[in-house]
Each structure stands twice: as C-alpha cells, then as structure tokens.
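Student: This is a predicted model, with the sequence first.
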Amino acid sequence: MPRIQQLSAASSALGRRPLSSQFSRNHVVTFIRSCSCSAPGPFQKSVVRNAQRATQNAQLNPTTPKPPKPDAGGDHRVIAKLHDLFLTSPMSPGSPLLLPNGAYVFQKLQDFLRAQYPQFGYKEVITPTIYKKSLWEKSGHWDNYAEDMFSVKGRGATGQTENAQAGEDEEFGLKPMNCPGHCLLFWGEGELKSYRDLPVRYADFSALHRNEISGSLTGLTRVRRFHQDDAHIFCRPDQILSEIEQTLKFVGMVYDTFNLGPYKLLLSTRPKEHYIGTLEEWNRAEEQLTTALNNSGREWAINEGDGAFYGPKIDIILKDATGKEHQTATIQLDFQLPQRFDLQYQASPEELETGAISAGDKNIDPSCRRPVIVHRAIYGSLERFMALLIEHYNGSFPFWLSPRPAVVVTLNQKPELLEYAARVQSVLAGISDPSHPNDTQKSADSRPTPQQLSAIHLPIDVDSSARMLGKKLREAHDKKYNHIIVVGAEEAKSQTVRLNIKNQPNDGAVREVITEVLGRPLTEEDQSKGSINVGMTIEEARKYFLALVGRFL
C-alpha cells in the first residue's frame, strides 16, 4: 500500500479522516499562507493563486483583499476602539499602534509564554531586525519571498555589490521570519555541537515585517509589522517524535488556559513534486508526526500533499467568534535550512553505525550529521491571536489579562476620602504595602526603593470626579471593569472596601476564590441583585486579586 494511503487508513481507523478535495479548496488560502518561519516554494505560490480564483466565500477567508466592514456585534476593531486597545494611522499602514491598554494585554501574552519556557526547555534570544541580502539568498527567501519583503539600503549605499560580505556595500532586507537568524545562532562562531547538546530550542519575540498588499490590511489580523512567539528546535532525527509531542502539549495547555477551542489539527504531507530530502526522510518524519497526533488524544485530519517543500507540518485552525477560521499555531519540520546553512553536529556512535548520509549531504563531514529544524509558534502572530481573544471575550477579559481589572469610585471629593481612595489604589495595584498605611504619603524628596522582579502590579484606576455616582457606575460598567469598588466615609473609617464583581468570566471559580480568601461562604447579602457585592479588608482584596492572577481567572 502506498505511503500516504497507509497514513490515511491508520487515521481513519482512529476516527480521523483525510480532507476532501472540496474541503481543501475551501480552506486552502487560510492553510497555505506561508508558515510562521520559512519561505514558500514556487509550487505554493501557484496553489495560492488558484485558490484565490476558486475561493469566493469571505466567511472562510477573513483576510480577503477587500476586508469586511467592522460589525459592532463582535468585530475586534470596534471592540478595541471602545476599550482603547489600539489605533491605526495612515502614516504607517499595516502597523497598528498599541495604546496602554492594548500594550498591557500584548505584554501579558508575552509574559505568559515566557513563564512556560523553562518547563519546556526554551531559551529566549534577541535577533536583528535587518540582515544583508546575501543571508536571504542563502536561506532561499530572496528567490521565493522577495516580493513580500521590505528591502532597505543603508547610509552611503550606491548599489548592490556582487557577492558582498561583511563590511561591504550591500542591500538589506527587513526580516519576515526568524529562522535564518536562529541558524546563525546555532552555528555560532563555528564551534561544532555534539549530539549530546541537542535539542537546542531558541525562542524569539522580535518584530517581523511582511509587505502585504495594502487592500488586504485588516485591524490586527492582517498587518505588515507583527510579532510571533517564534521558536526553532534543532534536534536529531530520533528526537522528532518527542519534540512534536511536547509541542502539542504546549499548544493544548495554552489554548485551554484561554478557554479557546475546540480547534482543528491538520497534518500536511509531502507534495507530489518540488520537495527536498529523500523519501525515506519524509516517510520517517510523517510517521513520527502521525504518532504524535494519535498520542495527543485530539481529532486531526490529513491534508494530503500540502506540506511545505522543506518538510511536513501540523497546523492548528481556530474559529473566531463569527465562525471564521484562522491558522494560529503551527509545527513544521524542515530538512532544507540545515543543508543551506551547512548545519552539523557530531553524530552519536549509533548514528554512525546505522544512519547513512543523505544523498544531498555528500559534502558533510563523515563523523557528523545534520539536525532537523522544528519551526513552531503557539500563538502564531501575537497581533492576530490578540484579535481573536478580543472577539472571544467581547472585551470582557479575564482578570489576569484585563487592562481594566478594577476601578475605585469615590462617593464625594472630600480630601480624606480622596486620600483613602489613593491608598486603596496603591495597595491593590501592588505598589504600597498594606501593613504601612502611610506609604501613599511619601514626601517628594524620599528615595524610591526598587520593586521586586516577581512583584505583580495591576492597573487599578480611580474615578474621583464630581459626577453623579450613577453616571460613574454606568461608565465603569460600559468600560467592562472586572471589579467596581465604591468607597465612602464608612469604608474609609473601617479601612475596608466593597467589591462589586462585573464582567468576570468563570463566575463559579471566582466564588470559590472569594470563599477561600474570606474563610466563609458567601451570604445572601453578598449576592444580592444577581451579582457578587462583598465587603472585605484592603489586604483581603489584594490577596483575592493575587489568587485570580495565580489561577489565570
């Protein structure tokens, strides 16, 4: 039985199914869009062009050249405007400007992944935004991807120097992906790595630029400047299975935390032509990806012949609030870049005994082998992922991610009440120590002390305006603050606060946290008028906030 039929039969036996040709046609623009890291081959471009002629259903292709107008019913652009998340400018089309609220969410997304990197063995790196044209020629991107790149000429550049090297005049390109830079890191100063050093896992949040058609630019979902939670794993062939399994677990953990899903897993296999590597390498790689998908316990399907020319891949397809499908996470194997950059490692005794050198690697040192690169992104584009979250939560972010976790509303503008509101804000934000009530009264010449790196600071707002209380409360509700805290003379005297919990997802878990913090069940008075409105000390409120952050609520 042919290789791909064996894969199809195995997947069908387990409840998986190959994709129909109609399914592939309907989704090809979404799925084929060049990977998070590597350049497409020529065959990919022709497939995309055919798909653009065949695919007319805008619902299946949310990033069409003529983007739909914002719909107040759930479009992330409308929601973002209401909640001051980002704006766009004709001075930089396709490069959204994140406002403080949007930057807070963006940085929380980064911080969340950074916190997971140690348990999955990643080390974060920082790489240049601009590289010489010769690097992109070496990687193959200049031949296959130049029209989607921004070219740059430096000071005094008068033209392109043939075979330019370091220090010579040459054209530059803004990077559309990180993989060539990570190959430079792997090779380092030319020091040969041992098989014992592998796998090497590099993670990178650097900004990327792609010269998208102006008519296709759409909010945060189709942009020219964006960021990815980009990572590249350099591993031995016998490590592919374990690395793919760990990456699928990583994806599942992240998407479950954000309550996203269910999502689709698609295995794209070897194209019929225009691919590199041997059939044996492809068969072994696809078998390992199939095993990893079966072991994941999630439904998956085969997208036959739709792999990149450099290796098979797994794409994660997620539906947004309107039912449109987006490729977010991706896991791709790459046999090509290690050859182009002549990456090698000192082979193990077992590899030297059993593993023959590939036909395309005759010039490699006989004692060495080439690593395989796993390109992976969990979010994909952070901007696109952020847009999906904005629509998924409809602006009501969970507390740990929310740019508006709480607002302190004063009953009047009496000086003693304004002073107390400032203290509540400072303590709940994590700036002042609740055991030192005079922290908010530091003199102008007092010396600041450094905050701990592990300190959790929250953007707590205060509304001490002279407006009617009802108007202030309506505005706070419309802005979707998770908590509204009204303070008056009674609260100032007793040094307490009353939390009115609004716009907070997962109400049941929140009730459990409050019960744990207070050491008692909620009373009928605490839950009057259909919402939680509970009194507690400032210290208890801060403890409650920290518990919400710690449990990703």
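Tutor: Looks like it came in fine.
Student: for stretch 294-311, the distance to its chain's centre please.
Tutor: 21 Å (CA atoms, centre = their mean, to the nearest Å).
Student: same deal with stretch 376-389?
Tutor: With CA atoms, centre = their mean, you get 4 Å for stretch 376-389.
Student: if you average pLDDT over it, what comes out?
Tutor: Taken as a whole, stretch 376-389 has a mean pLDDT of 94.
Student: how much space between the spatially most central residue of the chain and D463?
Tutor: Central residue of the chain (CA atoms, centre = their mean): Y379, 2.8 Å from the mean position. Y379 is 34 Å from D463, where distance means CB to CB, to the nearest Å. Using the backbone N, CA and C atoms, a C-beta is placed for each residue, glycine as well.
Student: The residue nearest to the centre of the chain is in contact with F106, isn't it?
Tutor: No: applying CB atoms under 8 Å, one finds Y379 not in contact with F106, separated by 10.7 Å.
Student: Test my guess that L98 contacts T88.
Tutor: No: with contact taken as CB under 8 Å, L98 and T88 are classed as non-touching, separated by 10.8 Å.
Student: which residues does Q228 contact?
Tutor: Q228 makes contact with S36, N178, D204, F205, L208, A377, Y379, G380, S381, L382, according to CB atoms under 8 Å, 6 or more residues apart in numbering.
Student: Also S214?
Tutor: Counting by CB under 8 Å, 6+ apart, S214 touches P93, G94.
Student: Take the contacts of Q228 and keep only those in helices.
Tutor: L382 (DSSP state H).
Student: Which one of the contacts of Q228 is nearest to E516?
Tutor: Among those, Y379 lies closest to E516 (CB to CB), at 31.3 Å.
Student: residues in contact with the closest one?
Tutor: Y379 sits in contact with L109, L113, Q228, D229, V254, T328, A329, F385, where contact means CB under 8 Å, 6+ apart.
Student: Alpha carbons of stretch 237-254, as CSV, please.
Tutor: Taking Å, rounded to 0.1, in the frame of the first residue of the first chain, the C-alpha atoms of stretch 237-254 are listed here in CSV:
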residue,chain,number,x,y,z
PRO,A,237,16.0,12.8,13.7
ASP,A,238,15.3,10.4,16.5
GLN,A,239,14.1,13.3,18.7
ILE,A,240,11.4,14.5,16.3
LEU,A,241,8.6,12.5,17.9
SER,A,242,9.3,13.6,21.5
GLU,A,243,9.7,17.3,20.4
ILE,A,244,6.4,17.2,18.4
GLU,A,245,4.5,15.6,21.3
GLN,A,246,5.8,18.2,23.8
THR,A,247,4.9,21.0,21.4
LEU,A,248,1.4,19.7,21.0
LYS,A,249,1.1,19.5,24.8
PHE,A,250,2.3,23.1,24.9
VAL,A,251,-0.3,24.2,22.4
GLY,A,252,-3.1,22.3,24.3
MET,A,253,-2.1,23.8,27.7
VAL,A,254,-2.0,27.4,26.3
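Student: I'd like the mean pLDDT over that stretch, please.
Tutor: 94.
Student: quick one: it to chain centroid distance?
Tutor: Distance of stretch 237-254 from the chain centroid (CA atoms, centre = their mean) equals 17 Å.
Student: and it, which residues are buried?
Tutor: Residues of stretch 237-254 classed as buried: 237-241, 243-248, 250-252, 254 (neighbour count, 16 or more other CB atoms under 10 Å).
Student: One more: stretch 468-482?
Tutor: Applying 16+ other CB under 10 Å to stretch 468-482 flags K472, L473, A476, K479, K480, Y481, N482 as buried.
Student: my hunch is that V408 is in a strand, does that hold up?
Tutor: Yes: counting by DSSP: H, G, I helix; E, B strand; the rest coil, V408 falls inside a strand.
Student: hey, what's it bridged with?
Tutor: V462, I485 (DSSP bridges).
Student: Contact partners for it?
Tutor: With CB under 8 Å, 6+ apart, V408 has these contacts: A421, V424, Q425, L428, I460, D461, V462, D463, I485, V487, V497.
Student: Quick one: those as a markdown table, columns for distance to K123 too.
Tutor: Formatted as a markdown table, the contacts of V408 follow (distance: CB to CB, whole Å):
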| residue | distance to K123 |
| --- | --- |
| A421 | 44 |
| V424 | 41 |
| Q425 | 38 |
| L428 | 35 |
| I460 | 34 |
| D461 | 37 |
| V462 | 41 |
| D463 | 44 |
| I485 | 41 |
| V487 | 46 |
| V497 | 42 |
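Student: Of the buried residues of stretch 468-482, which is the nearest to I213?
Tutor: K480 (34.3 Å).
Student: Look up phi and psi at that closest one.
Tutor: phi 60, psi 40 (degrees, to the nearest 10).
Student: what does G311 give?
Tutor: phi 160, psi 160.
Student: Spit out the contact partners of it.
Tutor: By CB under 8 Å, 6+ apart, G311 lies in contact with G277, W282, A285, Q332, L333, D334, F335, Q336, V372.
Student: doesn't Q119 make contact with M253?
Tutor: No: using CB under 8 Å as the test, M253 is too far from Q119 to be in contact (9.6 Å).
Student: can you pull out the helices in the stretch 451-553 of the chain?
Tutor: Along the stretch 451-553 of the chain, the segments classed as helices by DSSP state H, counting those that start in this stretch run 469-478, 489-494, 507-518, 538-550.
Student: Among those, which comes closest to N144?
Tutor: Per CB to CB, nearest to N144 of the helices of the stretch 451-553 of the chain: helix 538-550, 44.2 Å.
Student: who does that closest one touch, helix- and strand-wise?
Tutor: Packed against helix 538-550 by the contact rule (3 or more CB pairs under 8 Å, 6 or more residues apart in numbering; DSSP states H and E) you find helix 415-429, strand 496-501, helix 507-518.
Student: can you do 6 Å?
Tutor: Counting contacts by 3 or more CB pairs under 6 Å, 6 or more residues apart in numbering; DSSP states H and E, helix 538-550 is packed against helix 415-429, helix 507-518.
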